[in-house]
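J.: Give me a model of this one.
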Amino acid sequence: MIGRLNHVAIAVKDIAAAARVYRETFGADVTAAQAQPDHGVTTVFINLPNTKIELLEPLGADSPIQGFLDKNPSGGIHHVCYEVDDILAARDRLVAAGARVLGSGEPRIGAHGKPVLFLHPKDFCGTLVELEQA
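T.: Now for the predicted structure:
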């Protein structure tokens, strides 16, 4: 069921400064910042040969990333995203196995324009997991 690692997301206070670190220090291919109002974040992707790094900055006071940064002022890894071939089948299989899907349980469109779901970190070794339709 689980596919390739799509990205690792890192919460940051200042997305421009964080993007500059990846661009200037690592010489990485860094996308332009994109507001994702449905998710309460601004995103930047660092494209790597085998996956991506997603930088997340809070967008608005109700952003879930702001809550994360309140608890982790320096920022840090927020979640990992795995691809699945069929997000609804994956959801149903995981729920049947006892996993909790956050939110309504219905996929939403994510930053790549594909359906995504988030799984409760307590069910996955303390890690927030995002599933993205491949």
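J.: For the closest residue to Asn47 other than its chain neighbours, give its distance to Leu55.
T.: Nearest residue to Asn47 in three dimensions, chain neighbours excluded: Asp29, at 4.3 Å (CB to CB, 6 or more residues apart in numbering). All C-beta atoms are positioned from the backbone trio N, CA, C, and that covers glycine. According to CB to CB, to the nearest Å, Asp29 stands 13 Å off from Leu55.
J.: Give me the common contacts of those two.
T.: Common contacts of Asp29 and Leu55 (CB atoms under 8 Å, 6 or more residues apart in numbering): Ile46.
J.: Can you pick out the residue with more neighbours from these two?
T.: Taking other CB atoms under 10 Å, Asp29 and Leu55 do not tie; Leu55 has more neighbours (27 against 13).
J.: mind listing what that one touches?
T.: Counting by CB under 8 Å, 6+ apart, the residues that Leu55 touches are Ala9, Ile10, Val12, Ile15, Ala18, Ala19, Tyr22, Thr43, Val44, Phe45, Ile46.
J.: Run a quick neighbour tally on the closest residue to it other than its chain neighbours.
T.: Take Leu55 and drop its neighbours on the chain: the residue closest to it by CB to CB, 6+ apart is Val44, 4.3 Å away. Other residues near Val44 come to 23 when the count uses other CB under 10 Å.
J.: How about whichever helix or strand Val44 is part of, which residues are buried there?
T.: Element membership for Val44 (DSSP states H and E) is strand 41-47. Across strand 41-47, burial judged by 16 or more other CB atoms under 10 Å covers Val41, Thr42, Thr43, Val44, Phe45, Ile46.
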